[in-house]
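Asker: With the input below, show me the fold.
(one chain, ligands or ions: 1)
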Amino acid sequence: MNRGLLGILVGLGAAIGAMWAAKRFSGTNEDETTSGAGAAAGAITTATEPVAHREGLDPTLLEILACPDDKAPVIYQKEGQAERLTCTKCGKRYPVRDGIPVMLIDEATPGPVPSEAEIAAARALIPQGKPARVGP
Ligand SMILES: [Zn+2]
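Answerer: The predicted structure is shown next:
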């Protein structure tokens, strides 16, 4: 009889402890969820900007992209309405479609290796993520 009562008390204590721990955990989690949701909402606002008004590429993305053929850095250029990433080593031109760089050798078109001046002009625009204009 006593042993049974003790078991109930221990069980009850464990249940209360678990509830307390769960409540504490969920409380902490709620705070994180709230701030996380705020950050996510900000990201969604940025992502849903009209595509027509978009110009440029995420500068962070631009810095990490490289030519898949020779791993050389690429520069972001725009010629007419066509945006592209041009390899600074082999001159291959990778198309940028709707703001998405297509870094595939099969999709690339050959072109002249950009001059030092072209590379410098494109690099100067990296902080804004804007393409350097070439041609018309
Ligand atoms: Zn290359």
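Asker: Do you know the pLDDT at the residue lying closest to P112 once chain neighbours are set aside?
Answerer: Once flanking residues are discounted, P112 sits nearest to G91: 5.2 Å by Cβ to Cβ, 6 or more residues apart in numbering. Glycine gets a C-beta too; all of them are placed from N, C-alpha and C. At G91, the pLDDT value in this model is 98.
Asker: I figured G91 was touching T109, is that so?
Answerer: No - the pair G91 / T109 is not scored as a contact, 9.7 Å apart, by Cβ atoms under 8 Å.
Asker: Comparing those two, which shows the higher neighbour count?
Answerer: G91 (16 against 10; other Cβ atoms under 10 Å).
Asker: tally of neighbours for the spatially closest residue to K78 that is not a sequence neighbour?
Answerer: Counting by Cβ to Cβ, 6+ apart, K78 lies nearest to P131, which is 3.6 Å off, once chain neighbours are set aside. Close neighbours of P131, defined as other Cβ under 10 Å, add up to 22.
Asker: Check what contacts stretch 111-129 and list those residues.
Answerer: 56-59, 62-63, 75-77, 86-93, 131-132, 134 (Cβ atoms under 8 Å, 6 or more residues apart in numbering).
Asker: From those, list the ones also adjacent to the ion.
Answerer: C87, K89, C90, K92 (Cβ under 5 Å from the ion).
Asker: Now, of the contacts of stretch 111-129, which are buried?
Answerer: Among the contacts of stretch 111-129, those buried by neighbour count (16 or more other Cβ atoms under 10 Å) are 56-57, 62, 75-77, 86-88, 91-93, 131-132, 134.
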